[in-house]
Each structure stands twice: as C-alpha cells, then as structure tokens.
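J.: requesting a structural model of the entry that follows:
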Amino acid sequence: MTEYEKMLAGVWYYPGEEELAALRRRAAEVCFAANRLPPGREEERMELLRPLFGKTGAEFTITPVFHCDYGGNITLGEGFYANYNLVILDCAPVTFGDNVLVGPGCGFYTAIHPLDAAHRATGEEKAAPITVGSDVWFGGNVTVLPGVTIGDGAVIGAGSVVTRDIPPGVVAAGNPCRVLRPVDQEQAP
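T.: Below is the predicted model of the structure:
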C-alpha cells in the first residue's frame, strides 16, 4: 500500500514521502497562482482552482486567499461560497453539499497527529474525513476538526471549534461547539 493509499484509508502514513510531497507542491503552486490574481478576474481564479477539486458544482466562489494540502480530496456542491482566508487540509475527503456558505478565516482540518511525543517525532500522521451537508452556514473563524459530519441546514456560529458531529437543522456554537437550539424557521425570509 502506498503512503497516498494509507492516507486515504485513514491509517498512519508518512506525509514526507515523494508522491505526497509532489501533490502538495502542485496544490501550493495552483493556490499561489490563483491567490495572486487581481480583483475582477474571479472567473479566471475559479478556473485555476477547479482542477484542485475532485468535483465541483457548475457555480462556486472562493475569495482569496485559499490554501489546501492536496486538492483532489475536496468536493464542492453547487453554489458553494467561501469568504476570505479558507484553509482545507484535505488529507482525507472533505465534502460540502449544495449552497454552503463559509465565513472568513475558516479552517477544515482532516489531519491527525499522534498524541504521544515519541510517535509524533516519527513524522507519521493519519486523517479522518469531514462531511458538510447542504444549506449549511459557517460564521467567521470556525474550525472543523477531523472526522466531523455537519447535517443539512445547520448554522455554525462564529469562532466555533467543531469537535464532534452536528445534527441537521440546528444552531451550534462555542468551543467546543455544541447545539444551542433548532434553526428558527420563523426568521427565514
């Protein structure tokens, strides 16, 4: 099993391996080129970024700056929108449903490092996927950790650190993020 296959299987792997390093370098080069385009060239930016994603909807927007590890492990649904400074560490699949809104400064991190210092010193890591349903809204500076699933229609409050699954149709916030209440349909326009 290659290190890339181990990474996607969620077992310990060595990220410094040549194939993985080349994939990260490619993603970094694409992100760099897209991030340095001036305002008014949004369509060109999206076309530069599109090959980084395993799948996208016809329409998506990512406002600079954007960074990811590999790119091929990210799926964007239709109408995906990300504000400034999005980071996706996609050592495992990161999947977004349709009409997801991501506030500025958000991070989605699939990488898991060993807690034991001796094991951590070996350089090994593993990863767990992140899955986001449709019609989800993330406030600014939200962090989503490995292995989390967020249900359709959820709203995640600004500054939250999402450490566990969030059910559909709720407002959740905090560190750690917890469910506060159901989404109030009466407030919908």
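
J.: ok, which stretches of this protein are helices?
T.: For the chain, the helices defined by DSSP state H occupy 3-9, 18-35, 42-49, 117-121.

J.: export those helices to CSV and tack on mean pLDDT, mean neighbour count and distance to V155?
T.: For the C-beta atoms, the positions are set from N, CA and C on the backbone; glycine is no exception. Compiled in CSV, the helices of the chain are given as follows (pLDDT from 0 to 100; neighbours: other C-beta atoms under 10 Å; distance: least, C-beta to C-beta, whole Å):
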stretch, mean pLDDT, mean neighbour count, distance to V155
helix 3-9, 96, 18, 30
helix 18-35, 97, 15, 28
helix 42-49, 93, 15, 26
helix 117-121, 96, 10, 35
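
J.: of all those, which lies closest to N175?
T.: Set against N175 and scored by C-beta to C-beta, the helices of the chain come closest in helix 117-121, at 23.3 Å.

J.: mind listing residues that contact the closest one?
T.: Applying C-beta atoms under 8 Å, 6 or more residues apart in numbering, the set of residues contacting helix 117-121 from outside is H113, P114.

J.: do you know which of the helices of the chain lies nearest W137?
T.: Judged by C-beta to C-beta, the one of these that comes nearest to W137 is helix 42-49, at 20.9 Å.

J.: what does the closest one rub up against?
T.: By C-beta under 8 Å, 6+ apart, the residues outside helix 42-49 that reach it are V30, C31, A33, A34, L37, F60, T61, I62, P64, F66.

J.: find the nearest non-adjacent residue to the fourth one, please.
T.: Closest residue in space to A34, ignoring its immediate chain neighbours: L48 at 4.3 Å, by C-beta to C-beta, 6 or more residues apart in numbering.

J.: same deal with the second one?
T.: With C-beta to C-beta, 6+ apart as the criterion, C31 has its nearest non-adjacent residue at 5.3 Å, and that residue is H67.

J.: kindly report the same for the first one.
T.: The shortest distance from V30 to any non-neighbouring residue, by C-beta to C-beta, 6+ apart, is to L52 (5.6 Å).

J.: the one you found reaches A27, doesn't it?
T.: Yes - look at L52 against A27 with C-beta atoms under 8 Å: they come within range, at 6.0 Å.

J.: report the set of residues contacting both of those two.
T.: Any residue near both L52 and A27 by C-beta under 8 Å, 6+ apart counts here, and that gives C68, G71.

J.: any weak-confidence spans in the chain?
T.: 185-189 (pLDDT under 70).

J.: ok, now with 90
T.: Counting by pLDDT under 90, the chain shows low-confidence ranges at 57, 184-189.
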